[in-house]
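Student: Here is my input, please return the structure:
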Amino acid sequence: MPEVLLSRRWLALHLLAFCLVAACGVLAWWQFDRAAGGNTRSIGYAFQWPAFALFTIGVWIWLCRDATRSDRRSAAPAPAGPDRVDDDLVLPPVRRAVPPPSAADDPELADYNRMLARLADQDEE
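Tutor: Here you go, the predicted model:
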């Protein structure tokens, strides 16, 4: 097991995953017990909790694999050059504000604005 999965953060994540799977198991057992007692609605829940546990295990495996892969990539020397940007420096994309079209650019918009002005004048009278 790579060292990255033994850090404090990852040990807490391992414990969280274990607790979630255990809780799903207990809840599934409880729902199976209720279903055996005649509660028909509990049958669906009895199969739902193991599905949640499997999903938790799948996400945990995916996160572990992703962490070990990124750990191997970070161990490789980063290419040097003027275009190299640190991974810690991530900026949001630049969004350029597009000005709304003016009435001078669109004759249909100018007609519409004149009609609105006439309606506003009629409302005031």
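Student: lowest-confidence helix or strand of this structure?
Tutor: helix 41-75 (a mean of 87; mean pLDDT, DSSP states H and E).
Student: from the chain's centre, how far out does the helix or strand following that one sit?
Tutor: As assigned by DSSP states H and E, the chain's next helix or strand after helix 41-75 is helix 107-124. With Cα atoms, centre = their mean, to the nearest Å as the basis, helix 107-124 stands 46 Å off its chain's centre.
Student: Please save the CA atoms from helix 107-124 in CSV.
Tutor: What follows is helix 107-124 as a C-alpha-only set of coordinates in CSV (Å, rounded to 0.1, in the frame of the first residue of the first chain):
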residue,chain,number,x,y,z
PRO,A,107,-34.1,48.0,-36.2
GLU,A,108,-36.6,45.4,-34.9
LEU,A,109,-35.4,46.1,-31.4
ALA,A,110,-35.8,49.9,-31.9
ASP,A,111,-39.4,49.3,-33.1
TYR,A,112,-40.1,47.2,-30.1
ASN,A,113,-38.7,49.8,-27.7
ARG,A,114,-40.8,52.5,-29.4
MET,A,115,-44.0,50.4,-29.0
LEU,A,116,-43.2,49.9,-25.3
ALA,A,117,-42.7,53.6,-24.8
ARG,A,118,-46.1,54.3,-26.5
LEU,A,119,-47.7,51.7,-24.2
ALA,A,120,-46.1,53.3,-21.1
ASP,A,121,-47.4,56.7,-22.2
GLN,A,122,-50.9,55.3,-22.7
ASP,A,123,-50.8,53.8,-19.2
GLU,A,124,-49.8,57.1,-17.7
